[in-house]
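Trainee: one predicted model, sequence on top.
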Amino acid sequence: GENVEQHPSTLSVQEGDSAVIKCTYSDSASNYFPWYKQELGKGPQLIIDIRSNVGEKKDQRIAVTLNKTAKHFSLHITETQPEDSAVYFCAASMGGGTSYGKLTFGQGTILTVHP
Amino acid sequence: DSGVTQTPKHLITATGQRVTLRCSPRSGDLSVYWYQQSLDQGLQFLIQYYNGEERAKGNILERFSAQQFPDLHSELNLSSLELGDSALYFCASSGRGRGYTFGSGTRLTVV
């Protein structure tokens, strides 16, 4: 089955710096790659996603890049703010259309942004 | 608010008991998924339903079962509970072009 590895497990940055989290996946059939932010006591919140037919996607301070050949994808957060502090998860699935299928998650990255 | 509603938010029960977790998907979504989150296993997929039919199974124990009703809400039944079943249980739903969204979870504590 699919296996997703996520690095680093913890990341500490100063406010205003950029943060990058990287994930690799094992199954070349995976075609949907979402990123989630989870705050304490809450459920995972979708922050950005990308499909395998796209190499990069941006939404304000957040961007995701995908390299299908190398089977890795990355989350980039620019101009970090203290409220960006949370646990971030990458995931992969082979779904699409009306059903995205099961998500296989990475182990999570604890991001801390220091004021 | 993600649109996915889970009840109850917290549940404390004794070993050997049975509990039912409930999920109402985001309006218009036909797929419902259940995940378990624990410190040592991370987020693990349990089971998926699509429009009332079981679509995929993951690492779901035989003591656990689920169903999706005609109104699309779903229930996850956990029986013969063990201490190791203590975890956060999340429901998620998805729809065409709408992404995959999670509820706020049910924290189950087995004592």
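Mentor: Ah, there it is.
Trainee: and the helix or strand of chain B at the bottom of the mean pLDDT ranking, which residues are buried?
Mentor: The weakest-scoring helix or strand in chain B, judged by mean pLDDT, DSSP states H and E, is strand B:99-102 (a mean of 87). Buried residues in strand B:99-102, defined by neighbour count with 16 or more other CB atoms under 10 Å in any protein chain shown: B:99-102. Heads up, the C-betas are built off the backbone N, CA and C, glycines and all.
Trainee: what helices or strands is that strand leaning on?
Mentor: strand A:32-38, strand A:45-51, strand B:87-95 (3 or more CB pairs under 8 Å, 6 or more residues apart in numbering or on different chains; DSSP states H and E).
Trainee: I'd like these laid out as JSON lines, including distance to A:Lys58, mean pLDDT and mean neighbour count.
Mentor: As requested, the helices and strands packed on strand B:99-102 are exported to JSON lines (distance: least, CB to CB, whole Å; pLDDT from 0 to 100; neighbours: other CB atoms under 10 Å in any protein chain shown):
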{"stretch": "strand A:32-38", "distance to A:Lys58": "13", "mean pLDDT": "95", "mean neighbour count": "23"}
{"stretch": "strand A:45-51", "distance to A:Lys58": "8", "mean pLDDT": "93", "mean neighbour count": "17"}
{"stretch": "strand B:87-95", "distance to A:Lys58": "23", "mean pLDDT": "94", "mean neighbour count": "24"}
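Trainee: on that earlier part again, each with direction, which strands does the least confident helix or strand of chain B pair with?
Mentor: Using DSSP bridges, the strands paired with strand B:99-102 are strand B:87-95 (antiparallel).
Trainee: hmm, who's touching the strand it pairs with?
Mentor: Contacting residues not belonging to strand B:87-95 are listed as A:43-44, A:95, A:98-100, A:103, B:3-4, B:6, B:21, B:23, B:25-26, B:28-38, B:43, B:74, B:76, B:100-103, B:105-108 [CB atoms under 8 Å, 6 or more residues apart in numbering or on different chains].
Trainee: since that was my last question, I'll sign off now.
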